[in-house]
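Asker: based on what follows, work out the 3D shape:
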Amino acid sequence: MKLESVKSDITVIGGGLAGVCAAVAAARLGQTVSLVNNRPVLGGNSSSEVRVWVCGATAHGTQRFARETGIMGEMFVENQFRNPDGNPYLWDLVVLETVRAEPNITLFLNTDVHEVEADGAEEERVIKSVTGWMMGSERRIRFESDIYIDCTGDGLAGFLAGAKYRIGREARDEYNEDWAPETPDDITLGSTLLFYTKEADRPVKFIPPSFAKDITQTTIPMKRVIRSGDSGCHYWWIEWGGELDTVHQNERIRDELWSVIYGIWDYIKNSGNFDAERMTLEWVGSIPGKREYRRFIGDYMLNQNDIIKQEPFADRIAFGGWSIDLHPPQGMYSTESGSKHLFSDGIYHIPFRSLYSSNVSNLLFAGRDISATHVAFGTTRVMATCAVIGEAAGSGAALCVQKGISPRALHRDHMNDLQQTMLRQDASIIGIAADDPYDLAKSARITASSTMTQVALKDSSYKHPLDKDLGILFPVNPSLESVELLVDAAKSATLEAELWHTGKGENYVPKQMVTSASVTVSEGDGQWVKLDLAWKPDAACNAFLIIKANESIAVHGSDHAMTGVLCFEKGPKPIVSTLLEDRQPDQPVVQWSMRNWNRRPLCLQVTPNTEAYAAAAVTDGYIRPFAGPHSWMSEPMSSGKPEWLQLEWAEEQSIAEVHVTFNDDVNEDLINLHHHRTTFEAIPELVRAYRIEALIGEEWVTVAEEKHNHKRKKVHKLSRSVTSRTIRLWIDETNGGPRAEVAEIRVYAL
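Answerer: From the prediction side, this is the model:
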């Protein structure tokens, strides 16, 4: 056995997506990081060992403009480019290469941390070291750091350090949570095993193992959906163990899950109820995907009310959007639905105070073990949300090391530093504008070759009957006079519409009615019908136009998407639970669905002209939609004619670094594995080919160039500083989008 000691600024325990993003964030900010993972691959529940979809704030397209940016966003976009078919092993590589690209990270795989040295009184604990055993190598490794981040999911490292924690469900009256039980208990969400199937070229038999459960003797066939063509995460409901201890009884839970998987497969193959003669098992998981165990206690406990009210914490550092998603304790054997969901009106915010221990001064945590109640955890637990929390924890840890302070002191005295640092790295903190005093672009005059000045989609690609209420969201900046729609009328009819405000900048549902209009439509096809809807809001915002159902009318739509314009259809009011009776909460993001309308907006023309796509948007501090698109957009690009953005200063500047953030359509729902296949490999709106030129003397000099870009953010560190009063970003080509689009430009002297 070999004994080793490793010193680094930060030790991250756990290599799931929270741990990966924490380690990468800290490393990019200049700190040395030991990333310790007890499995041979990174990615946690998303890895090829477990194969859970990476879900996040988009909630499979339920939330709008909600896809994560930052490190998690990079991995989403890179995986889409490299791995559009969702191969789990290629996803492993995307995650691994994200870590290996950082020279400040030392990666320790197969290393199980099970010893922690900590001292101090109960309320003032300090971690001195953690020790892990590297399986297969007979290496016992002691890790010493200033800051530790527990991303283990189960919270083992923090537990061994003496950090305060909870397991189970809080009582309803503790945080006034409607979805909490009347009395507290130790019930958690259960664990899941998944399996893959494939079609063979010949009949394949299946002889079940002796331990396979006869599921016809259970409620499973009656209460759960079983289809022969489904596999993987479609069987997320194979869940059990919520009434057990999901850690100490992990092996028992695994065996029960195995018995049910093989029982389900026996049922599919041998019951005669399915067309499955040629189907065979391709893969069965062996590591239960855990949902819940310890949740640490921080300086703030995120709760259900914060989620539903979308509390805009002053110390917000991340966001989520998945529903509060809770499952019955009996899991797959329950006679209830496998899950119940409660959505807020839009994304919600997560405070930094929920990411550090209330009693261990140098401990941060990220992932499913953050300081949240069981009910709030029902949404923060999904992996892409865990990942953005990880980036915040890693960024916070780096600043703590740099300043020689604790996470609590960072919150108290340096929250703006943390938020601005994260925004510079393209992490998303919704509703907070970047304001970096070192960013030279802030003082530049911005001009462009052209700018899209009208919200208009005139080319008809299809027709849709107005058999239900439809919605159109579009930016209003600074005012609105009218909206024209392209319609057919089978007979003379009245077209009615209502104009609504979305209420919050991060929301995309009708919240406050502004005005209404109606117009008589004559019989005939292809008519532009004008609705007078005068409105001058106090500030730039989004409008939500409801077009009322009328069976005599059909509307025209376009196959050409336009940034900032979304369309919806109104469905029935969702029912959360039959047990709630008359207390059914409204969930407008579910009722107003865009699932059938992605990139298929209705034809419209809005007057007057808009300032929503002005060139100045690239320095307004917002790097994603918030009460409008916050992105420069050119007019449609002519073949072979590039578009450009120009930054000009009153005096010459020394320029060493240029950051460009392109629009990667954060409304597009990407997935790492097999939930759905997105038809394109690179986001169409992303700029593919571009150049950065500086005017030096009387000559334009190219200082950076990219011809095959598929990434959102590009940082160009010039080989040597240049002195110039003017630089230009030339857009030569996109990845399929008709217009040049840029969300942000930053310029630095150093």
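Asker: in the stretch 101-250 of the chain, which spans are strands?
Answerer: 105-108, 111-119, 126-134, 139-144, 147-150, 165-166, 191-192, 195-199, 239-240 (DSSP state E, counting those that start in this stretch).
Asker: how about a markdown table for those, with mean pLDDT, distance to residue 433 and mean neighbour count added?
Answerer: Using the backbone N, CA and C atoms, a C-beta is placed for each residue, glycine as well. Shown next, in a markdown table, are these (pLDDT from 0 to 100; distance: least, C-beta to C-beta, whole Å; neighbours: other C-beta atoms under 10 Å):
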| stretch | mean pLDDT | distance to residue 433 | mean neighbour count |
| --- | --- | --- | --- |
| strand 105-108 | 98 | 31 | 20 |
| strand 111-119 | 98 | 39 | 18 |
| strand 126-134 | 98 | 36 | 20 |
| strand 139-144 | 98 | 38 | 18 |
| strand 147-150 | 98 | 28 | 32 |
| strand 165-166 | 98 | 36 | 18 |
| strand 191-192 | 98 | 40 | 27 |
| strand 195-199 | 94 | 45 | 16 |
| strand 239-240 | 98 | 42 | 26 |
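Asker: could those be laid out in CSV, adding distance to residue 282?
Answerer: CSV is the format used below for the strands of the stretch 101-250 of the chain (distance: least, C-beta to C-beta, whole Å):
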stretch, distance to residue 282
strand 105-108, 29
strand 111-119, 29
strand 126-134, 31
strand 139-144, 35
strand 147-150, 35
strand 165-166, 38
strand 191-192, 18
strand 195-199, 4
strand 239-240, 21
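Asker: I'd like to know which of those is closest to residue 303.
Answerer: Nearest to residue 303, of all those, is strand 165-166, at 12.3 Å by C-beta to C-beta.
Asker: who's in contact with that closest one?
Answerer: For strand 165-166, the external contacting residues (C-beta atoms under 8 Å, 6 or more residues apart in numbering) are 155, 158, 159, 294, 295, 296, 297, 369.
Asker: partner strands of that strand and their direction?
Answerer: Strand pairing for strand 165-166, determined by DSSP bridges: strand 295-296 (antiparallel).
Asker: identify the bridge partners of residue 748.
Answerer: With DSSP bridges applied, residue 748 shows beta-bridge pairing to residue 657.
Asker: ok, it touching residue 437?
Answerer: No: if you go by C-beta atoms under 8 Å, residue 748 and residue 437 don't touch, sitting 11.0 Å apart.
Asker: between those two, which is the more surrounded one?
Answerer: Of the pair residue 748 and residue 437, residue 748 is the one with more neighbours under other C-beta atoms under 10 Å, namely 19 against 6.
Asker: how about the contacts made by that one?
Answerer: 438, 439, 440, 655, 656, 657, 658, 659.
Asker: before we move on, back to that, out of the strands of the stretch 101-250 of the chain, flag the one nearest residue 387.
Answerer: Closest to residue 387 of the strands of the stretch 101-250 of the chain, according to C-beta to C-beta: strand 147-150, at 13.2 Å.
Asker: tell me how far the closest one is from the chain's mean position?
Answerer: 23 Å (C-alpha atoms, centre = their mean, to the nearest Å).
Asker: packing partners of that strand?
Answerer: Identification of packing neighbours for strand 147-150 by 3 or more C-beta pairs under 8 Å, 6 or more residues apart in numbering; DSSP states H and E yields strand 10-13, helix 156-161, strand 363-365, helix 383-403.
Asker: neighbouring strands for it, and are they parallel or not?
Answerer: The pairing partners recorded for strand 147-150 under DSSP bridges are strand 10-13 (parallel), strand 363-365 (parallel).
Asker: and the strands in the stretch 301-450 of the chain, which stretches?
Answerer: Counting by DSSP E, counting those that start in this stretch, the strands of the stretch 301-450 of the chain are 316-320, 324-326, 340-342, 348-351, 363-365, 445-448.
Asker: closest one to residue 392 among those?
Answerer: So among the strands of the stretch 301-450 of the chain, strand 316-320 is nearest, using C-beta to C-beta, at 3.9 Å.
Asker: report the distance from the closest one to the chain centre.
Answerer: Taking mean C-alpha positions (C-alpha atoms, centre = their mean), strand 316-320 and its chain are 10 Å apart.
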